[in-house]
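Engineer: Quick one, fold the following:
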Amino acid sequence: MEYRLDEGEELDRALKKFRRKVQRAGIFRDIKKNRFYEKPSEAKRRKMKAAERRRKRRKRRASTRSWS
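Structural biologist: I've put the predicted structure just below:
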């Protein structure tokens with residue numbers, strides 16, 4: 001990832017822009033995720049739980065919308 005300073009740009013502002021760019025790219029998330037080895041069965045379980053949370057959230061939102 002690279003960020004070039006504009007003419008007369010303050011270092012604090014440039015650093016903030018760089019951090020935002022890195023965060024949007026998801027680099028820190030990938031680093032944290034790959035920090036430790038995760039067994040394939042644990043990855044599968046984590047993904048299944050996330051899918052279940054998404055399903056419940058969608059169902060809950062759909063049921064609240066039907067009331068209106």
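Engineer: how far does the strand or helix carrying Ser41 sit from the chain's center?
Structural biologist: Element membership for Ser41 (DSSP states H and E) is helix 40-65. Here helix 40-65 is found 16 Å from its chain centre; the criterion is CA atoms, centre = their mean, to the nearest Å.
Engineer: what's it packed up against?
Structural biologist: Using 3 or more CB pairs under 8 Å, 6 or more residues apart in numbering; DSSP states H and E as the contact test, no helix or strand touches helix 40-65. Quick note: C-beta positions are derived from backbone N, CA and C, even for glycine.
Engineer: Report the mean per-residue pLDDT for that helix.
Structural biologist: The average pLDDT for helix 40-65 rounds to 94.
Engineer: Can I get stretch 19-37 in PDB, CA atoms only?
Structural biologist: Coordinates of each C-alpha in stretch 19-37 appear next as PDB, following Å, rounded to 0.1, in the frame of the first residue of the first chain:
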ATOM      1  CA  ARG A  19      -4.700   4.600   7.800                       C
ATOM      2  CA  ARG A  20      -8.200   5.000   6.400                       C
ATOM      3  CA  LYS A  21      -7.000   3.600   3.000                       C
ATOM      4  CA  VAL A  22      -5.500   0.500   4.800                       C
ATOM      5  CA  GLN A  23      -8.600   0.000   6.800                       C
ATOM      6  CA  ARG A  24     -10.900   0.100   3.800                       C
ATOM      7  CA  ALA A  25      -8.700  -2.300   2.000                       C
ATOM      8  CA  GLY A  26      -9.100  -4.800   4.900                       C
ATOM      9  CA  ILE A  27      -5.400  -5.400   5.400                       C
ATOM     10  CA  PHE A  28      -5.500  -5.300   9.200                       C
ATOM     11  CA  ARG A  29      -8.500  -7.700   9.200                       C
ATOM     12  CA  ASP A  30      -6.600 -10.200   7.100                       C
ATOM     13  CA  ILE A  31      -3.500  -9.900   9.300                       C
ATOM     14  CA  LYS A  32      -5.500 -10.500  12.400                       C
ATOM     15  CA  LYS A  33      -7.400 -13.400  10.800                       C
ATOM     16  CA  ASN A  34      -4.200 -15.100   9.700                       C
ATOM     17  CA  ARG A  35      -2.200 -14.500  12.900                       C
ATOM     18  CA  PHE A  36      -2.900 -18.000  14.300                       C
ATOM     19  CA  TYR A  37      -3.600 -21.300  12.500                       C
END
